[in-house]
Structure formats: C-alpha cells, structure tokens
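Student: give me the fold of what follows.
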Amino acid sequence: MPILRLFSTHGMFDLPHGDDDTVLDVLNSAQIAWASVALYVKEVGDSGFRLFPCLGTKMSEFGRNTLVAAFLQRNIDPTSYIHAHLKISDPADGNGAVAEYLYRDLSQRSGNTILRRFSRAECIQVVEENVSSMLDQYFEKSGSGVAKIVIGVSGGGDSNALISALEKYKSDKNIEIIPVIISGPGEWDAGISRAKDICDQLSLKLNVVSELETREILGATGEGPDLISRFGKQFPGEDYEFLGTLIIRRVLVHIAKLNNARHICTGINFEDLIAEYFAWNLRGGMPPELPVRKVDGVKLLFPLWKTPKKIIDGCYPKHSFANYEGRYPSFSPGRTLAYQLAYVLTSDFPGVGEKLLDSSAELSTRLGSPLVFDADLGFDTLGPIPMALRLAHKRLLNAK
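Tutor: From the prediction side, this is the model:
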C-alpha cells in the first residue's frame, strides 16, 4: 500500500488513508492545510524524490510501494492545533448535554484542545454571564430614571436566549426591556408565536410591528406590493437578508426614539461578528465599533458578541430547531464566504476568534466610526452610496 508521509522539522508522520481517498482528502482528515505542503513522490528504484502535484490523485492510483511525501513549507509544528489530543469535559451539573464547544488556551505553548459539553442549565448560565459582563462594562444609564433597551426578537434561539438573559440582568436594576418583532416576510411571521411564547414566560409585552407600520417608518408608500415583493422586482436574484437587516435596524431605532431609549440590541452572536469582520476586510475596510456601535443616533449593543451559536442554541433547543426548519436559502457568494471563513476559523483554531474580535474592538475604537449620516436616505451608511443604488432605494419605497 502506498504511504502518505508528512515531513516537518518537528518530525515525520504517516497519515492514515483509504484506497478511494485523494491526497487532498487525506490532508483534510489530518487537519493539514493543502497549501502548506509541497508534494513529492518516490517510487521503487528512484534515486530521490520528484515534485509531483497530486492533490486530486486517489491513493489507489499510486504504485503499491510508492512514498508520497508532503514537505511542510515552513519550519512550524503542524500538530500544534490538531484536535487529536482531545480532552472531553462533561456537564459539571451531571445533566445531559445539549451543546458542546472546543476550547484552547492560547497562552500555552502546547496543550490539549478541550471539548466542553454543556447541559441546558449551563448554556443558560453562560449566556447570562456573558450578557451581564458586557452590559456591566458598556451599558450607560441615563441619570436616575428608568434605562430602556429595545431588543429585536425573531423567535429563534439567539434572541430568545438574549431576552431571557436581559430579563435576568435587569431584575435588580432600574431597566425596562422593550421587545420588538416585525411581521411581513414568511420567515419573520413564523417566529411571532415563538417570540410571544418567551415574552409571556417573562411577563413582557411583545411589540409586533406590522408591514404597514414598517412601511411608514421607512417612508414607503402604504399601497402596492409588500416590501419583499418590491425587493424581488428591484433586485432580482439578490438576497433579502441585506434589506431585512436594514429594516430591522431602522424599526428598532424608531421604536427606541419613540420610547426615549438610548440602546437597541439584537441576538447577533460570536460567529456573526467574525463573519462581519471578514466581510468588511475583504471589501477593503474595517468593521465598525465593537461591542457597542452608535448608529442613527442610538447605541447598538452586542451582548452576545463573545457567545458561540452552539451554546446559545442549547438554551431553547426546540425554538432553535423550529427556526432552522423555517429558513430560506441564501445565494450571496460574499455572505457565504464570510460565514465559511468564520466557521473554519472557530472550528480549526479554538480561541483565535475571541482574539480577533478583541483586536477588532480595540482597533475600531482607536479609528472611530466609519458611519456617516446620509441626509438624502435618512440613516447612517458606511461611506457614499452610488447613485444607482439611491434610485433603486427610492423605487423600492414608492413601488406600486
């Protein structure tokens, strides 16, 4: 059987494989980046190695006694972040696990990756502690009166976990929570019952903003097709996600100003913000401030900025599952790329994502906000908006 051997300054390692595995499959299984190695082969009778690009070659296509050599291109230890040395930690409370996450202490030169499993109670505790820590540091009270937070909810796992943690946080503080959900697109409507369920449990009044109210807030005509139909006509083949995000922001800001609230927040989580980091860097800029962002005259908080989605889902598993079942596909290649980069980073290199967000927060604080108020559009934007997009925005608002 041919051998695929990794050569590095830290040792040689034979990589396990099957006959139908390509060289790329074997490297991926061993967590060795294909771009990090130069591939050579040495067959029986050869005096030395010869360069042989073979990522797509199956192991069964090599001669029986062929040595396929993957030489690491740099003098680094390729096993440093391999999860083979996995240490498993079960829920401390002895209950069944509903979530799990990989951790690594980056301050140690070498060490095990820890697979930490969480019970539902532990997931809730992690979210509560993270939200409390963030708000203690960044939430600003306004004098001696009631401080208000407008929270956008969707009925999914993120916002349900967040609103529960916020309710727990405010129990001994003079804070009022104003939950808001927007009706309209099918996926959003599907979450109203789940959002109402969690709000009822917490004795909170859920503010449901109708399609017509949303149009009024946006300055759109009340008659004519709904917003998602207008968007499909103006931007055929494009994702509604982008307009949806803007609509949520503008509605939450509007509700906040009506209620004299200085803060808004949503369930944007750890991986969302890492994806945002990659998205803005790929387009040549840095993302706006973290974990607080001034937008449209209010402060947008990210209480879940250090909380992974897997742990959040463990708080309300049934609601999270229902949210996954009801989602529609996204076809934006840029959005897909940003999220895939975020998931690969957090999966293969535990602990690095947290450092990335910390450095992004520090840098964005020093550089200041790139957001500027656009008087014509009526809201903050990241730089000048092209005239074609401005015209499309006006057609969207005035479609009949």
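
Student: Ile124: what's it in contact with?
Tutor: If you count contacts by CB atoms under 8 Å, 6 or more residues apart in numbering, Ile124 has them with Ala161, Ser164, Ala165, Gly314, Cys315. Just so you know, the C-beta spots here come from the backbone N, C-alpha and C atoms, and that holds for glycine as well.

Student: now do it, the pLDDT please.
Tutor: Each residue has a pLDDT score; the one for Ile124 is 97.

Student: before we move on, the earlier item: what about the contacts of Ile124, which are in strands?
Tutor: Per DSSP state E, strands hold no members of those.

Student: out of the residues you listed, who's nearest Val295?
Tutor: Closest approach to Val295 among those (CB to CB): Ala165, at 22.1 Å.

Student: if we can go back for a sec, show the buried residues in the contacts of Ile124.
Tutor: In terms of neighbour count (16 or more other CB atoms under 10 Å), the buried residues within the contacts of Ile124 are Ala161, Ser164, Ala165, Gly314, Cys315.

Student: dump those residues into CSV; add pLDDT and distance to Lys196 as well.
Tutor: Converted to CSV, the buried ones among the contacts of Ile124 look like this (pLDDT from 0 to 100; distance: CB to CB, whole Å):
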residue, pLDDT, distance to Lys196
Ala161, 95, 16
Ser164, 95, 14
Ala165, 96, 18
Gly314, 95, 22
Cys315, 95, 17
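
Student: with distance to Ser80 added, can I get those in TSV?
Tutor: Converted to TSV, those look like this (distance: CB to CB, whole Å):
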residue	distance to Ser80
Ala161	33
Ser164	38
Ala165	35
Gly314	29
Cys315	33
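
Student: now, these that are in helices?
Tutor: Ala161, Ser164, Ala165 (DSSP state H).

Student: quick one: the last one and Glu128 touch, right?
Tutor: Yes: Ala165 lies in contact with Glu128 (CB atoms under 8 Å); the separation is 4.6 Å.

Student: tell me which residues of the helix or strand containing Ile177 are tucked away?
Tutor: Assessed by DSSP states H and E, Ile177 sits inside strand 175-182. The neighbour-count criterion (16+ other CB under 10 Å) identifies Ile175, Ile177, Ile178, Pro179, Val180, Ile181, Ile182 as the buried residues of strand 175-182.

Student: which two of these have the greatest separation?
Tutor: The widest separation within these, taken as CB to CB, falls between Ile175 and Ile182 and amounts to 23.0 Å.

Student: before we move on, the earlier item: direction included, what does the strand holding Ile177 pair up with?
Tutor: Partner strands and pairing direction for strand 175-182 (DSSP bridges) are strand 147-152 (parallel), strand 207-209 (parallel).

Student: adding distance to Pro16, write the ones in helices among the buried ones among the contacts of Ile124 out as JSON lines.
Tutor: Below are those laid out as JSON lines (distance: CB to CB, whole Å):
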{"residue": "Ala161", "distance to Pro16": "40"}
{"residue": "Ser164", "distance to Pro16": "45"}
{"residue": "Ala165", "distance to Pro16": "44"}
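
Student: what's the weakest-modelled helix or strand in the chain?
Tutor: helix 186-190 (a mean of 73; mean pLDDT, DSSP states H and E).

Student: now do stretch 322-337: distance to the chain's middle.
Tutor: Relative to the centre of its chain, stretch 322-337 is centred 12 Å away, using CA atoms, centre = their mean, to the nearest Å.

Student: picking that back up, quick one, which of the strands paired with strand 175-182 is packed in tightest?
Tutor: Highest mean neighbour count among the strands paired with strand 175-182 (mean count of other CB atoms under 10 Å): strand 147-152, with a mean of 22.

Student: got the CA positions of that one in CSV?
Tutor: Output for strand 147-152, consisting of C-alpha atoms alone and laid out as CSV, is shown next (Å, rounded to 0.1, in the frame of the first residue of the first chain):
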residue,chain,number,x,y,z
ALA,A,147,-33.0,53.0,31.4
LYS,A,148,-34.6,51.4,28.4
ILE,A,149,-33.3,48.8,26.0
VAL,A,150,-35.2,48.0,22.7
ILE,A,151,-34.5,44.4,21.7
GLY,A,152,-35.2,42.9,18.3
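
Student: got the buried residues for stretch 4-20?
Tutor: Within stretch 4-20, the residues that qualify as buried by neighbour count (16+ other CB under 10 Å) are Leu4, Leu6, Phe7, Ser8, Phe13, Leu15, His17.

Student: partner strands of the host helix or strand of the second one, parallel or antiparallel?
Tutor: In other words, Leu6. Taking DSSP H and E as the definition, one finds Leu6 inside strand 3-8. Here strand 3-8 has these sheet partners by DSSP bridges: strand 11-14 (antiparallel), strand 67-72 (parallel).

Student: looking at it now, give me its mean pLDDT.
Tutor: The model assigns strand 3-8 a mean pLDDT of 96.

Student: residues in contact with that strand?
Tutor: With CB under 8 Å, 6+ apart as the contact definition, strand 3-8 has outside contacts at 12-15, 17, 23, 26, 30, 32, 37, 59, 66-72, 75-78.

Student: please redo it, this time with the cut-off set to 7 Å
Tutor: Contacts of strand 3-8 with the rest of the structure, by CB atoms under 7 Å, 6 or more residues apart in numbering, involve 12-15, 17, 23, 26, 32, 59, 67-72, 78.
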